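In: sequence unknown, structure follows:
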Ligand code: ADP
Ligand code: MG
């Protein structure tokens, strides 16, 4: 394994790296730092969380001279990222005399101009605000030697391409240009061929991305129980900070509200929030006064918060790339991380294509039972109650009459237990038997389904069993009897997976045909 010592950079930088606790360069750092040190233009393509900031930051700082003018410009898509990148550079330059300034919209431009006039070597900014400064003449780019486009694909998504081109035209052509991006869509390639000189393309392929320190698990959940299933899962885990991903903005808003209503410290982050609102949510999350950040992929992109213990996919992502992006938010800096994914029957095919892409099987776990949740939460609840007993005597008097009434009529144990049920169980109204298939005439422990197609669509037992086993992730052997007739079929599956098979087969195609599925009616008993 390579060491930071081996890079040809100053002792001041090496000392700062050590203080930051980095043990060894990440794969992208190992490959790209020597190229940048050689003043080559580079394109660095790697997922979020792979250490791209230090990959350009370390050699950049090595190239900063004592001259008092702006030497480098870094463009980032958002204010969040500008602050983050500036912060990382400040840490890396702790033992050097280098000033780094973030500039972004929403902050007083006068203040920024003052700071710029005081003299800075590195400016990290969003394209809009940087352009603003260029137009005012408060920022000059004729003498910079390094230009960095960070999260280029994200800047593209946000419609910054024109702004970026305007900026690039004002930078002296005799410079080193670097571009970092998780993906390389055609417009980014075009940008790079137009504004970069013979760039070296460094890619960290997906195989390197799924860090082994991230424990991945999925839970089979039914569409209609999704929210309750999520609550059970989070109640049964020890979560420090969790990011919960939803597919849509609307989903984020709804889930955030639902979790808040159930007493979780949760808040949502999505594209419709104003910048100050976003900042406030992120601040609370960093300070842990919000424990669960509910977000869409876009809203959460590039956000780097240390110590995220769990990434939870409430909605499984459509494509494997965003799965890898998402789970990369945990397990940072060598710490353990846990990635939990809820998968409904309709979403099983997404899970399978993710598994194919990351080249590993994600193990499944059952949704915890109420008993497991209660066991796990006991000490938390106890703490909350003791806290109330010891610190809130004022609010108590309010209930004096009620308390003495109840205690007169019932033993204290009974009163307390009932109150606990009221307080803690009420959030868990998941109905375990959410499907009652009744008696289906199956063998013991099995459920029998009637399917409205048979040999007429060339259905074979193998085709059906394969579909079921793929769908619910059980072995072909544990699927029960299959009886195929000309126009219909009977299928038996283990009781515990029956609801999942039921929801799943309804949305899949068997032998090319959309099917209809119903619990079978028991055959009349022979006398
Ligand atoms: P990216 O830009 O690729 O999404 P970042 O540069 O934001 O990733 O880095 C993600 C996190 O990993 C940051 O907290 C950073 O301090 C940390 N990090 C970067 N390089 C290393 C390293 N070599 N060892 C340990 N942690 C690192
Ligand atoms: Mg980054």
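Out: Right, received. Where do you want to start? All of these numbers come straight from a predicted model, not from anything done at the bench. Numbering: from 1, shown residues only. Ligands and ions are numbered 1, 2, ... in the order given.
In: centroid residue for the chain?
Out: Among the residues of the chain, residue 326 comes closest to the average C-alpha position under C-alpha atoms, centre = their mean, at 3.2 Å.
In: for residue 97, give its distance to residue 68.
Out: In this structure, residue 97 lies at 10 Å from residue 68, with C-beta to C-beta, to the nearest Å as the measure. (C-beta placed from N, C-alpha, C; glycine too.)
In: if we can go back for a sec, which helices and strands sit right next to whichever strand or helix holds the residue nearest to the centre of the chain?
Out: Using DSSP states H and E, residue 326 falls within helix 320-327. Using 3 or more C-beta pairs under 8 Å, 6 or more residues apart in numbering; DSSP states H and E as the contact criterion, the secondary-structure elements in contact with helix 320-327 are helix 297-300, strand 310-313, strand 337-343, helix 348-358.
In: surely the residue nearest to the centre of the chain meets residue 313?
Out: Yes: at 6.4 Å, residue 326 counts as touching residue 313 under the criterion of C-beta atoms under 8 Å.
In: any common contacting residues for these two?
Out: Shared contacts of residue 326 and residue 313, defined by C-beta atoms under 8 Å, 6 or more residues apart in numbering, comprise 245, 339.
In: max-length helix in the chain?
Out: Under DSSP state H, the helix in the chain containing the largest number of residues is helix 370-391.
In: chain center to that one: distance?
Out: Using C-alpha atoms, centre = their mean, to the nearest Å, the distance from the centre of helix 370-391 to the centre of the chain it belongs to is 29 Å.
In: mind listing what's buried in it?
Out: Neighbour counts over helix 370-391 (16 or more other C-beta atoms under 10 Å) mark 373-374 as buried.
In: for it, give me every contacting residue.
Out: Under the contact criterion C-beta under 8 Å, 6+ apart, helix 370-391 has outside partners 232, 235-237, 368, 420, 423-425, 428.
In: would you mind putting the residues you listed into a markdown table with neighbour count alongside?
Out: Conversion of the contacts of helix 370-391 to a markdown table gives the following (neighbours: other C-beta atoms under 10 Å):
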| residue | neighbour count |
| --- | --- |
| 232 | 23 |
| 235 | 21 |
| 236 | 18 |
| 237 | 16 |
| 368 | 19 |
| 420 | 13 |
| 423 | 13 |
| 424 | 18 |
| 425 | 12 |
| 428 | 14 |
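In: from those, pick the one nearest ligand 1.
Out: Closest approach to ligand 1 among those (C-beta to the nearest ligand atom): residue 237, at 22.8 Å.
In: what residues are up against the closest one?
Out: Residue 237 is in contact with 310, 338, 340, 376, counting by C-beta under 8 Å, 6+ apart.
In: next one: residue 517
Out: For residue 517, the contacting residues are 449-452, 502, 505-506, taking C-beta under 8 Å, 6+ apart as the criterion.
In: now it: how far from residue 451?
Out: Taking C-beta to C-beta, one finds residue 517 at 6 Å from residue 451.
In: which residues do these two both contact?
Out: When contacts are counted by C-beta under 8 Å, 6+ apart, the set common to residue 517 and residue 451 consists of residue 505.
In: backbone dihedrals for residue 73, please?
Out: According to degrees, to the nearest 10, the main-chain angles of residue 73 amount to phi -120, psi 130.
In: for the protein, which residues are neighbours of ligand 1?
Out: With C-beta under 6 Å from any ligand atom as the criterion, the chain meets ligand 1 at residues 22, 25-26, 29, 46, 48-54, 304, 306, 332-334.
In: which helix or which strand is home to residue 401?
Out: Under the criterion DSSP H and E, the helix or strand holding residue 401 is helix 400-409.
In: that helix: what's the following helix or strand?
Out: Remark: after helix 400-409, the chain's next helix or strand is helix 412-420, criterion DSSP H and E.
In: what's the helix or strand that that next one is followed by in contact with?
Out: Beyond helix 412-420 in the direction of the C-terminus, DSSP H and E gives the next helix or strand as strand 446-451. Residues outside strand 446-451 that contact it (C-beta under 8 Å, 6+ apart) are 437, 440-442, 464, 480, 488-495, 498, 501-502, 505, 510, 515-521.
In: mind checking which of the residues you listed are buried?
Out: Neighbour-count burial within the contacts of strand 446-451 applies to 437, 440-442, 464, 480, 488-494, 498, 501-502, 505, 510, 515, 517, 519-520; the criterion is 16+ other C-beta under 10 Å.
In: give me the subset of the residues you listed that lies in strands.
Out: Taking DSSP state E as the definition of strands, these contribute 489-494, 510, 517, 519.
In: what bridges to residue 101?
Out: With DSSP bridges as the criterion, residue 101 is bridged to residue 123.
In: go through the helices and strands packed on helix 320-327 and pick out the most buried.
Out: Comparing the helices and strands packed on helix 320-327 on average neighbours per residue, with mean count of other C-beta atoms under 10 Å, the densest one is strand 310-313 at a mean of 25.
In: what's in contact with it?
Out: In contact with strand 310-313 (C-beta under 8 Å, 6+ apart) are residues 230, 233-234, 237, 239-245, 323, 326-327, 329-330, 337-342.
In: quick one: that strand to chain centroid distance?
Out: For strand 310-313 - counting by C-alpha atoms, centre = their mean - the centre lies 6 Å from the chain centre.
In: listing partners with orientation, what would you give for it?
Out: The partner list of strand 310-313 in its sheet, established with DSSP bridges, is strand 242-245 (parallel), strand 337-343 (parallel).
In: which residues touch the longest one?
Out: It refers to strand 337-343. With C-beta under 8 Å, 6+ apart as the test, strand 337-343 has contacts from 211, 213-221, 226, 229-230, 233, 237, 308-316, 323, 326-327, 329-331, 350-351, 362.
In: possible to save the helices and strands packed on helix 320-327 as a markdown table with distance to residue 158?
Out: Converted to a markdown table, the helices and strands packed on helix 320-327 look like this (distance: least, C-beta to C-beta, whole Å):
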| stretch | distance to residue 158 |
| --- | --- |
| helix 297-300 | 9 |
| strand 310-313 | 23 |
| strand 337-343 | 27 |
| helix 348-358 | 26 |
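In: let's have the ones you listed in JSON lines, adding mean pLDDT.
Out: Formatted as JSON lines, the helices and strands packed on helix 320-327 follow (pLDDT from 0 to 100):
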{"stretch": "helix 297-300", "mean pLDDT": "82"}
{"stretch": "strand 310-313", "mean pLDDT": "96"}
{"stretch": "strand 337-343", "mean pLDDT": "94"}
{"stretch": "helix 348-358", "mean pLDDT": "85"}
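In: right, so of those, which gets closest to residue 9?
Out: Distances from residue 9 to each of those were compared using C-beta to C-beta; the shortest belongs to strand 337-343, at 29.4 Å.
In: alright, I will stop here.
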